[in-house]
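Colleague: predicted coordinates and the sequence they were generated for:
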Amino acid sequence: MSDLALFARGLVLGFSIAAPVGPIGVLCIRRTLAEGRLIGLATGLGAAVADGLYGAIAAFGLAWISGALIGQSTWIRLAGGLFLVYLGVTTFLARPAERAAPVSGAGLLGAFGSTFLLTVTNPMTILSFLAVFAGLGLGAGAATPAAAAVLVLGVVLGSAAWWLLLSALVDRVRDRFDARRMRWVNRISGAIITVFGVVALASLALPKT
């Protein structure tokens with residue numbers, strides 16, 4: 001398979017993994033409405049980089065890392081679930097600001113870091129990449145390190161493209177949300193994120209198959 005074909009598949013894969021609206025998507029929408037496009041984009045890019053990290057583990061065939069992550073999946077999922085509940089509750093209780101805060105490096109880094117942490121604490125992400133890469137004939141790693149790097153680059157850029165599109169679209173309707181509407185955005189977003197966290201925690205009690 002040519003490098004161009006690998007890159008194209010990586011783009012499609014990254015976009016497809018990012019597009020379903022889960023807790024990261026809800027968080028991106030809410031932060032874009034409340035704090036602007038740059039914060040929303042930084043939120044999504046945290047997830048894109050985490051996707052790239054897990055994609056690299058799968059593409060380079062680093063079985064010992066994926067095995068260690070899967071072996072500690074219970075503790076990782078516990079941490080991720082608790083963090084989701086925390087984010088959900090704080091979002092639900094957040095008061096809409098009267099004016100948008102200026103975008104700072106710390107704000108961008110915080111938005112990026114929180115979603116990076118949420119994504120890497122989901123062991124299903126690495127399992128998804130391993131399954132998809134196996135379907136592409138890359139289950140034991142790409143044929144060469146260069147091919148693996150091209151594929152991972154496509155994954156990151158494909159995921160980033162989705163977050164750029166989502167934050168830009170949401171930013172276009174941002175002016176329509178006054179304080180009253182933003183209060184409901186906070187409540188609905190917080191409730192949805194909390195439910196995702198509770199479901200993640202509840203899944204720990206299910207018997208393993």
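Modeller: On my side now, so go ahead.

Colleague: show residues contacting stretch 84-96.
Modeller: Contacts of stretch 84-96 with the rest of the structure, by Cβ atoms under 8 Å, 6 or more residues apart in numbering, involve 23, 27, 30, 34, 114, 118, 179, 182-183, 186-187, 189-198, 200-201. For every residue, glycine as well, the C-beta is placed using N, CA and C.

Colleague: filter these down to the ones in strands?
Modeller: Judged by DSSP state E, strands contain none of those.

Colleague: which ChimeraX command selects the buried ones in these?
Modeller: Only the buried entries of those go into this ChimeraX selection, using 16 or more other Cβ atoms under 10 Å:
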select :23,27,30,34,114,118,182,186,189,190,192,193,194,196,197,200,201
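
Colleague: other SSEs contacting the helix or strand harbouring Phe15?
Modeller: Using DSSP states H and E, Phe15 maps to helix 3-18. Contact partners of helix 3-18 among helices and strands, from 3 or more Cβ pairs under 8 Å, 6 or more residues apart in numbering; DSSP states H and E: helix 37-59, helix 124-135, helix 145-172.

Colleague: quick one, the first one and helix 145-172 angle?
Modeller: The reference is to helix 37-59. 160 degrees (axes from the mean of the first three to the mean of the last three Cα atoms, to 10 degrees).

Colleague: for helix 37-59, output the C-alpha coordinates as CSV.
Modeller: Extracted as CSV, the C-alpha positions of helix 37-59 are listed here (Å, rounded to 0.1, in the frame of the first residue of the first chain):
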residue,chain,number,x,y,z
ARG,A,37,-13.7,28.8,19.0
LEU,A,38,-10.0,28.6,20.1
ILE,A,39,-10.9,27.0,23.4
GLY,A,40,-13.3,24.6,21.6
LEU,A,41,-10.6,23.7,19.1
ALA,A,42,-8.0,23.2,21.9
THR,A,43,-10.5,20.9,23.5
GLY,A,44,-10.8,18.8,20.4
LEU,A,45,-7.1,18.8,19.7
GLY,A,46,-6.5,17.2,23.1
ALA,A,47,-8.5,14.2,21.9
ALA,A,48,-6.9,14.2,18.5
VAL,A,49,-3.4,13.9,20.0
ALA,A,50,-4.5,11.1,22.3
ASP,A,51,-6.0,9.4,19.3
GLY,A,52,-2.6,9.8,17.6
LEU,A,53,-0.8,8.3,20.6
TYR,A,54,-3.0,5.2,20.6
GLY,A,55,-2.8,5.0,16.8
ALA,A,56,1.0,5.0,17.1
ILE,A,57,0.9,2.2,19.6
ALA,A,58,-1.2,0.1,17.2
ALA,A,59,0.6,1.1,14.0
